[in-house]
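Engineer: Fold the following.
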Amino acid sequence: MTIGNILVIDDDADIGELIAAAAESIGIPCRTTTDAANLAHLLDSDVSLILLDLMMPGMDGVEVLRLLGKLECRASIVLMSGINKRVIDTAEKLAGALGLRIAGHLQKPFRLTDLEEFLRGHIPQRSTTAAKQEAQIEFAANELGEAIWKNEFVLYYQPQIDIRSGEVDGLEALARWHHPQRGLLFPDSFIGRLEMTGLIDDFGWRLADRGLAEVRQFSMNGHPPPRVALNVSVRSLRDLKFPDIFVSLAQKHSVPATRIMVEITESRLMNDPSNALDVLTRLRMKNIQLSIDDFGTGYAMMQHLVNIPATELKIDKLFVQKMHANDSDRVMVEKTIELGHELGMIVTAEGVETEAQLEFLRQKGCDRAQGFLFSRALPPSEMTAWLSAYHARGVQA
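Structural biologist: I've put the predicted structure just below:
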């Protein structure tokens, strides 16, 4: 394991020196700059944590966030300021919309002891493998096409738990690439490229066929297998034949339509709405369940809820994981649960990692939870073993 460097961007040189001294006292390399215009030259793969002052003359912190987004920065970011906390919260939301990773914020003025404690808790520990996975990976179209043909793309499954009963209510199927040279790759590194090269439909149908074939092995004690949730690219919804082909595939594997959930990502939902409403409505008419994933991270949330006949609303993990530290995120979680229920939808919280988060969701009436508190996503054989062990322990409400 290696510790990444810290980069401090603050127009006050004294603040930069204070943070550098605190970082180096606990063994963390740190560089500082008072000129955000030099950012592109200072940002390299060794920087894993950026401390950014929002209130700077010239290029302010929001402009720096915009630049970091354009540079596809993979470092975690800590926002610093003495201004109103709600302004910092809003800046954090902006950073998320730009695809940046926010690690927290520091309210000025801060004490040296508090700063050292903060740094110890937030500096990322990075392995060489993780660093490679986070880097931008380029693939040629023929490499992706060959991977589809060779069945290198597989599915891992993560359980969804009924919060009231503790029973396994469903499994989300998540794509992975067993790359022969690079090892296990996650969707962020290949989905966009598949969409750009026009291979997303072939990829999607291959994995849907695999998922519907594999779900039968998850039956326990003579009961039917849990509901399976399959992620579908919004680009695939352009094809008006999609519902008929999808149902035929389910019938091929003897999976009832009512046991299938199609997940679509809210932030991309209306980029191409011409055929989407047609396809989604017909899927519901054929008893396929519909889920709006990553709710709250897009820009037309209410329009989506009004137009899409969804049966499930998923709260994005970013809100769940920060709801105990951030009032805005807590309110977002509470209101999403209320809104989903008022519209007759099941509400599922993603990214649940602690008992405190689960208890809060239980108190607010959330229906389902998934996250590392229960299990990470597992390949089919390991998920079968996990389900068997979970049932053997007895359901804990």
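
Engineer: how far away is the residue nearest the centre of the chain from Gln357?
Structural biologist: With distances taken as Cα atoms, centre = their mean, Lys317 lies nearest the centre of the chain, 6.3 Å away. Distance of Lys317 to Gln357, given as Cβ to Cβ, to the nearest Å: 10 Å. The way it works is simple: take the backbone N, C-alpha and C, and place the C-beta from them, glycine included.

Engineer: list residues touching both of the two?
Structural biologist: Gly371 (Cβ atoms under 8 Å, 6 or more residues apart in numbering).

Engineer: For the nearest residue to Glu353 once chain neighbours are set aside, grab the count of nearby residues.
Structural biologist: In space, and not counting its chain neighbours, Glu353 is closest to Phe372: 4.9 Å by Cβ to Cβ, 6 or more residues apart in numbering. When counting by other Cβ atoms under 10 Å, one arrives at 13 neighbours for Phe372.

Engineer: Shouldn't Ala385 be within a helix?
Structural biologist: Yes. Assessed by DSSP: H, G, I helix; E, B strand; the rest coil, Ala385 belongs to a helix.

Engineer: In terms of pLDDT, where does it sit?
Structural biologist: The score at Ala385 is 94. That number is its pLDDT.

Engineer: How about Thr2?
Structural biologist: In this prediction Thr2 is given a pLDDT of 42.

Engineer: what do you get for Ile245?
Structural biologist: You'll see Ile245 listed with a pLDDT of 96.

Engineer: so Ala40 makes contact with Glu72?
Structural biologist: No. Counting by Cβ atoms under 8 Å, Ala40 stays clear of Glu72, with 11.7 Å between them.

Engineer: Now do the contacts for the residue nearest to the centre of the chain.
Structural biologist: 350-351, 371.

Engineer: Just the buried subset of those, please.
Structural biologist: 350-351, 371 (16 or more other Cβ atoms under 10 Å).

Engineer: what's the spacing between the nearest residue in space to Leu112 that is not next to it in sequence and Leu115?
Structural biologist: Leaving aside its chain neighbours, Leu112 sits nearest to Ala22 (6.0 Å; criterion: Cβ to Cβ, 6+ apart). In this view, Ala22 and Leu115 are 5 Å apart by Cβ to Cβ.

Engineer: if you count what's nearby, which of these two comes out ahead?
Structural biologist: Per other Cβ under 10 Å, whichever of Ala22 and Leu115 has more neighbours is Ala22, with 22 against 18.

Engineer: ok so that one is a helix residue?
Structural biologist: Yes. According to three-state DSSP, Ala22 belongs to a helix.

Engineer: residues contacting it?
Structural biologist: 112, 115-116, 119.

Engineer: okay, these in JSON lines with pLDDT and distance to Arg376 next?
Structural biologist: Below are those laid out as JSON lines (pLDDT from 0 to 100; distance: Cβ to Cβ, whole Å):
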{"residue": "Leu112", "pLDDT": "72", "distance to Arg376": "37"}
{"residue": "Leu115", "pLDDT": "78", "distance to Arg376": "33"}
{"residue": "Glu116", "pLDDT": "75", "distance to Arg376": "32"}
{"residue": "Leu119", "pLDDT": "79", "distance to Arg376": "28"}
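
Engineer: Check whether Gln289 really touches Thr311, as I assumed.
Structural biologist: Yes. Judged on Cβ under 8 Å, Gln289 makes contact with Thr311 at a distance of 4.7 Å.

Engineer: Comparing those two, which residue is more hemmed in?
Structural biologist: Set Gln289 next to Thr311 and count neighbours by other Cβ under 10 Å: Gln289 wins out with 20 against 17.

Engineer: Look at the nearest residue to the more buried one once chain neighbours are set aside and give its secondary structure.
Structural biologist: Excluding the flanking residues, the one nearest Gln289 by Cβ to Cβ, 6+ apart is Met261, at 4.3 Å. Three-state assignment for Met261 (three-state DSSP): strand.

Engineer: can you pull up the bridge partners for Met261?
Structural biologist: Counting by DSSP bridges, Met261 is bridged to Ala229, Gln289.

Engineer: shared neighbours, Gln289 and Thr311?
Structural biologist: With Cβ under 8 Å, 6+ apart as the test, Gln289 and Thr311 both reach Met261.

Engineer: Pull out the buried residues from the longest strand along the chain.
Structural biologist: If you go by DSSP state E, the chain has its longest strand at strand 168-179. For strand 168-179, the neighbour count (16+ other Cβ under 10 Å) marks 168-177, 179 as buried.
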